[in-house]
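A.B. asks: structure of the sequence below:
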Amino acid sequence: EELVAEVSRKCLGSGESVSEELVAEANRRAGLAAACSVAPLEEACAALRLLLDARRDPEDDEKLARGTTQLRYGVYSSTHLLALAYIGELCYWRWAVAAAERECDAALVTLWYRRAVVAAHRYLHTVTVLMCGCGWSIEKARELTRRLRADRADDFGAALQGEVGVEETGAALLKVKEEEEAAAASARVARSHNSTPRASKGSKKGKGRGSCAGR
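C.D. replies: Numbers count the residues shown, from 1 in each chain. Modelled structure (predicted):
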C-alpha cells in the first residue's frame with residue numbers, strides 16, 4: 001500500500017521522478033490485489049460500455065465532425081462522462097490483473113491495456129479540451145495515464161493510434177502542469193514571507209535613524 005501510494009503521489013505531479021521499475025511493481029501489486037475480482041470488473045466495464053454505446057451509431061463515426069466528438073465517445077450527459085471515467089479505471093485494474101498472471105495471455109493483456117489507455121485519453125480529451133473549464137477532476141485519469149505509459153511506453157502510442165485529440169490533450173495537460181507548478185512556487189514564496197520574522201516597532205524606528213545617518 002505504501003508503494004502504491006508513493007507511485008500515485010509522484011504520478012500526480014509532485015515534481016519528483018518515478019522509475020519505470022517502481023511503476024511496474026506498483027501495477028503488479030495492484031493486479032495481484034484485484035485478482036479475485038476479475039468477473040465483477042468485466043461485468044461492470046461491460047455494463048458501462050453498453051451505456052456509452054446505447055445512443056451511438058458506430059457506422060456514423062467517420063461522419064461526425066470535431067464538434068460532436070463527445071457524441072462519438074458516447075458522452076451525452078454528465079452521467080455518461082462519469083461512466084467514461086469509471087471505464088478507464090476498471091480497464092486499468094483488469095489489465096493489471098492480466099499482466100500480473102504468471103502465464104499471462106498476451107492478447108488479453110494488450111486488449112485491456114488499449115481499452116484503459118483509450119478510455120483515460122477520451123475522458124481527459126473531453127474534460128481538458130472539448131469541455132475546457134468545466135471543472136471536472138483529472139487527477140485519477142492523469143495518474144492512470146502516467147502509470148500505463150511508464151509501464152509499457154512502447155505500446156502507449158500504438159494504443160492511441162487513430163484517436164482524435166491526442167496532441168491537443170497533451171498540450172492541455174502540459175498547461176495544467178505548468179499552472180500547478182506556478183501555483184506551488186507562489187505558495188512556497190508566500191510561506192517563506194510569512195515565516196520571516198517581522199521587526200518590532202522599536203527596531204523599525206532605530207533602523208530609520210540609521211538609514212538617515214548612513215546617507
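
A.B. asks: by average pLDDT, which secondary structure element in the protein comes out worst?
C.D. replies: Counting by mean pLDDT, DSSP states H and E, the chain has its least confident helix or strand at helix 201-214, which shows a mean of 43.

A.B. asks: so where's the chain shaky on pLDDT?
C.D. replies: Counting by pLDDT under 70, the low-confidence segments of the chain come to 1-19, 56-67, 196-215.

A.B. asks: center of this protein, which residue is that?
C.D. replies: Nearest to the geometric centre of the chain sits R142, at 0.6 Å (C-alpha atoms, centre = their mean).

A.B. asks: distance check, that one against E101.
C.D. replies: According to C-beta to C-beta, to the nearest Å, R142 and E101 sit 27 Å apart. In this view, the C-beta of every residue, glycine as well, is placed from N, C-alpha and C.

A.B. asks: what comes up buried for the longest helix belonging to the chain?
C.D. replies: Ranked by residue count, the top helix of the chain under DSSP state H comes out as helix 166-195. For helix 166-195, a neighbour-count test (16 or more other C-beta atoms under 10 Å) marks 169, 172-173 as buried.

A.B. asks: distance between that helix and the chain's centre?
C.D. replies: Counting by C-alpha atoms, centre = their mean, to the nearest Å, helix 166-195 is centred 16 Å from the centre of its parent chain.
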